[in-house]
Structures are given as structure tokens and as C-alpha cells.
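Pasting a predicted model and its sequence here:
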Amino acid sequence: MIKLDTNYAHCDTLPDYAGKVAEIHASIINKTGVGNDFLGWYDWPSSYDKEEYALVKKLAAEIRQTAEVFVVCGIGGSYLGSRAAIEMIQGIYPKRDVEIVFVGNTFSAPYVVQLLEKIKDKEVMVNVISKSGTTTETAMAFRLLKQFLETKYGKEGAKSRIIATTDKNRGTLKEFADKEGYATLTIPDDIGGRFSVLTSVGLLPIAVAGIDTDEILRGAKQASLDFNNPELSKNTAYQYAVCRRILEGQGKSAEMFVTYETQLTMVAEWWKQLFGESEGKEGKGLLPASVNFSTDLHSMGQFIQDGGKCLFETLLLIEKPMLDLTFPSDPDDLDHMNYLAGKSMDEVNKKACLGTLEAHHDTGNVPNLILTLPDTSAYSFGYLVQFFFVACAMSVYLLGVNPFNQPGVEVYKKNMFRLLGKK
Ligand code: PA5
């Protein structure tokens, strides 16, 4: 399903890691490693709460009946996964009755003001998502949205248009939602934000977009079976995890995630959060960066080709694009583009990819890991995220840090609260 090609990356010492990988695998299965309270994602594609999932589907159907705009209010793991899924599966300009917009992920006033202006004459429903229930960006946007809804629909009307996705028992948002009587969905205790896209956090917005969430879970389940293998030679997720560490050992300090489809830009953002927050701690970790080619060949391409040799690339390639077109001939050929006439646009994209691979690897001496996925379907999305969850846990455990906490993100909050005079 997902293929890993290491031929452009010189990871010859890969088999040497087999013993260490089997040991870490056992610690994941037996929940004996650090952060083992947060391994709920591991068998989630089989063990997910079926009642909660039925509620997600019911709410999604109601929202699709009622709303013209569905506002997803959350940050980090509370929005990146659903946005990545929706764009990957449906493309950037989908034909859809409900528009989905994202807020609660920024303090940028122009963004928030323009969003409120954009939705003011539409039928709106809101999903506020926060596991902790105290995230300031999300709480600030949610207060504005609540007041917006109350002005538009009255206090009672507003209540029926809000769904809160949060912790089962604790937190400010949980108390708030119970008091106001909002419909609530639950984030499992043992699944952290960046591992939560297959829970209600991701599935409600994805279902509202009209995507088949059963297929996503089916893909994820297959991946969880495929990558539940302690043998490194048979586990592609573990091979990718180890290759990252090998390349780091060869002096690379950054991993550039490369996509060739615009609709994968948010998958790259999601991937950056997954790996950045999971491994960037205790002064360790690869810097996760991303580019979308060929667009960024006209910006970052120069650095990758000729700049400092600090990085390797990880390509995520799609065998069959969601859509394609045949490039037309033109009788006048004033633009001298007739040499491409009759070719499919995807063929051009794939040749650009091959040419770039040769340029970066052969000429630029940049190692490339190549991941190939058959398509951008819902099934493939589910498979892909579970692949990266497993790979991330293994890779970060190999580094010797806890993949599931994020102590570093508290520092800015502490300073910001002091500066804002929060008691
Ligand atoms: O992965 C994580 O845990 C974080 O990125 C969180 O998802 C993010 O900080 C949002 O947190 P919360 O859902 O508590 O508002």
C-alpha cells in the first residue's frame, strides 16, 4: 500500500537496527516505554468507541442539513488533521454544500475579523475543539463565535448550533459545555492532540465535508495490522523511522517533507506538527520542514540544490492523482509549448519529480527517501496517518525521548500570560 524506496538515501546500516526496533516494538505493545499513557492511538482503528462514532455520524448529517458554513475552532492537533484530510481527499476547490472554515488557531485579528464578516449572512454551526479546554487562541475565538451566534440566533438558538469536542470529564470547556447544554464529543484520555485525527476531533469535520469516514478507519485499520510487526525487514513504518535516525547520524539536522500535489500542503503541515512536537525536545530532533513542488522549486529549490548540506528530503508521491487533464495543442504555438501537447499534466508533474530527484540526489548530494501512496482516497488517508503515527513513535523512541509530551510549548504561554496580566 505505502512503498518506501531507500535507494536514493544510502541507509545501508538499516538491518543493524533490527534488535533495537524489536525491543522498542515490545515496549509499545506492552506499554512500558515513557509516555505509555498516550498509546491509545495504536489500536484505535479497531478499538474506537462505536457509540461515539455513531454520534459523530448523526451530528454530521444534522450539520450538513442545517449549515452553509461549518466553523472548526481549534489549534494544533485539534484542527490540522481534519484540514489535512479534507484537502487531501477532496482537493482545494471541492464542490460541496457546506463550506468548512478554520479559526481558533491564531491571534491574527485581521483573519478573525474577516472570517466573522464572511460568515455573517450564512447559516452557521460551530465545532469548538480543545482537549485541555484552556487553549487561549481557541477560547478567544470561541467567545467571539458564541456571541456572534447569540446575536444572530438568540441564546437558545446559539446553543443548538455549537458542538464541543473535549475531554470526557475535566477542563474548562467540558464544564462550559455541560452548563450551556451543548452537544459534546469526547477526546480519549490516552490520545494526545497530534495523534487524534481518527477520533471525533478529526472525524466530525471530515464527515461534515461529506467524506466516507468508514473508509478512513478501514485504511487506518489495515495500516495498524500491517505495521504491527516487530521485524524491521517487514515493517515499512519502522524502516522509515530508522532511516530518519541513520540520516541524522550522517550529519543531517533537517528533514524536508516534499509533496507534488497542492492538496497535500496541509498533510505536510500535519506531519510537521506530528514529528516536530513529538521529537523536538531535550536539545534533540530533526527540524521538520516542508515544501510543495514544483511551486517551491522556484523558491526553496535553490537552497536544497546548492545550499548548506544540512537536510535530507522525504518525498510523498501519489501514483494516481485525483484528477488529470491532457495538455492541448495550439495551431499557432506562440508560447512554444506544443512539445507538451497530448501529454497529461500528471505526466509532466512526474517528469518534474524525476528530474528534481536526479538534480537533488545525483548533483546536489541530498539524500532522498521516497514514500509512494496509490492515491489520495479516504482509505489512503487513513492508512497514511496510521503509518506516520507508528513511524513517529518508533523514530522518537529510537532518539531516546518521550514522543507524547510537549513541555516546550508551555514557555511562550507562561510569558504571554505574564505580559497579558493573567492571574
Ligand atoms: O499535539 C498536541 O497535544 C497539541 O498540539 C494540541 O493539539 C494543541 O496544543 C491544542 O491543544 P488543545 O486541544 O488542548 O486545545
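That came in fine, so what should we check first?

Give me the contacts around the helix or strand hosting residue 149.
According to DSSP states H and E, residue 149 maps onto helix 136-159. Residues from elsewhere that reach helix 136-159, judged by Cβ atoms under 8 Å, 6 or more residues apart in numbering: 71, 73-75, 78, 103-107, 112, 116, 119-120, 124, 126, 128-130, 161-162, 172-173, 180-182, 413, 416. Glycine gets a C-beta too; all of them are placed from N, C-alpha and C.

Buried residues of it, list them for me.
137-142, 144-146, 148-149, 152, 158-159 (16 or more other Cβ atoms under 10 Å).

Contact partners for the residue in the stretch 151-300 of the chain that the ligand sits nearest to?
Here the stretch 151-300 of the chain gets closest to the ligand at one residue, residue 193, 2.1 Å apart by Cβ to the nearest ligand atom. When contacts are counted by Cβ under 8 Å, 6+ apart, residue 193 touches 76-78, 131, 201.

Give the closest residue to it in space, chain neighbours not counted.
Once flanking residues are discounted, residue 193 sits nearest to residue 77: 2.6 Å by Cβ to Cβ, 6 or more residues apart in numbering.

related to what we said a few turns ago, so which of the contacts of helix 136-159 sit within strands?
Of the contacts of helix 136-159, the ones assigned to strands by DSSP state E are 71, 73, 103, 124, 126, 128-130, 162.

could you give the mean pLDDT of stretch 234-248?
Mean pLDDT, computed over stretch 234-248, is 98.

and it, which residues are buried?
Neighbour-count burial for stretch 234-248 [16+ other Cβ under 10 Å]: 235-248.

Return that stretch as CSV; C-alpha atoms alone will do.
Taking C-alpha atoms only, stretch 234-248 is exported to CSV below (Å, rounded to 0.1, in the frame of the first residue of the first chain):
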residue,chain,number,x,y,z
LYS,A,234,8.9,-6.5,7.2
ASN,A,235,7.7,-3.2,8.6
THR,A,236,7.9,-0.1,6.3
ALA,A,237,6.9,2.3,9.0
TYR,A,238,9.8,1.1,11.2
GLN,A,239,12.2,1.3,8.2
TYR,A,240,11.3,4.9,7.6
ALA,A,241,11.7,5.6,11.3
VAL,A,242,15.2,4.1,11.3
CYS,A,243,16.2,5.8,8.1
ARG,A,244,15.5,9.2,9.7
ARG,A,245,17.9,8.3,12.5
ILE,A,246,20.5,7.0,10.1
LEU,A,247,20.5,10.2,8.1
GLU,A,248,20.6,12.2,11.3
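
Pull the residues that contact it.
2-4, 6, 9, 11, 13-14, 17, 21, 25, 223, 226-227, 229, 232, 255, 286, 312, 314, 367, 369, 371, 387-388, 390-392, 394-395, 398-399.

Residue 261 contacts residue 321, correct?
Yes. Between residue 261 and residue 321 there is a contact under Cβ atoms under 8 Å: 6.5 Å.

between the two, what contacts are shared?
residue 376.

residues in the stretch 151-300 of the chain within reach of the ligand, list them.
The stretch 151-300 of the chain comes close to the ligand at residues 192-194, 277, as judged by Cβ under 6 Å from any ligand atom.

okay, those in TSV with pLDDT, distance to residue 359 and secondary structure next?
Shown next, in TSV, are these (pLDDT from 0 to 100; distance: Cβ to Cβ, whole Å; DSSP: H, G, I helix; E, B strand; the rest coil):
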residue	pLDDT	distance to residue 359	secondary structure
192	96	38	coil
193	96	37	helix
194	97	33	helix
277	97	32	helix
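
The host helix or strand of residue 418 near the ligand at all?
Using DSSP H and E, residue 418 maps to helix 410-420. No. Figure legend: helix 410-420 not in contact with the ligand (Cβ under 6 Å from any ligand atom); closest approach 9.6 Å.

And for that helix, what's in contact with it?
With Cβ under 8 Å, 6+ apart as the criterion, helix 410-420 contacts residue 136.

Give me the distance between it and the centre of its chain.
Here helix 410-420 is found 27 Å from its chain centre; the criterion is Cα atoms, centre = their mean, to the nearest Å.

let's number from 208 now, not from 1
Happy to do that; since the first residue is 208 now, the last one works out to helix 617-627.

quick one: that helix to helix 343-366, angle?
70 degrees (axes from the mean of the first three to the mean of the last three Cα atoms, to 10 degrees).

Pull out the C-alpha coordinates of helix 617-627 and format them as CSV.
Below are the C-alpha coordinates for helix 617-627, written out as CSV (Å, rounded to 0.1, in the frame of the first residue of the first chain):
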residue,chain,number,x,y,z
GLU,A,617,4.4,26.0,27.8
VAL,A,618,7.3,28.5,27.8
TYR,A,619,5.7,31.0,25.4
LYS,A,620,2.3,30.6,27.2
LYS,A,621,3.9,31.5,30.6
ASN,A,622,5.5,34.6,29.2
MET,A,623,2.4,35.7,27.3
PHE,A,624,0.1,35.2,30.3
ARG,A,625,2.6,37.3,32.4
LEU,A,626,2.6,40.1,29.7
LEU,A,627,-1.2,40.0,29.5
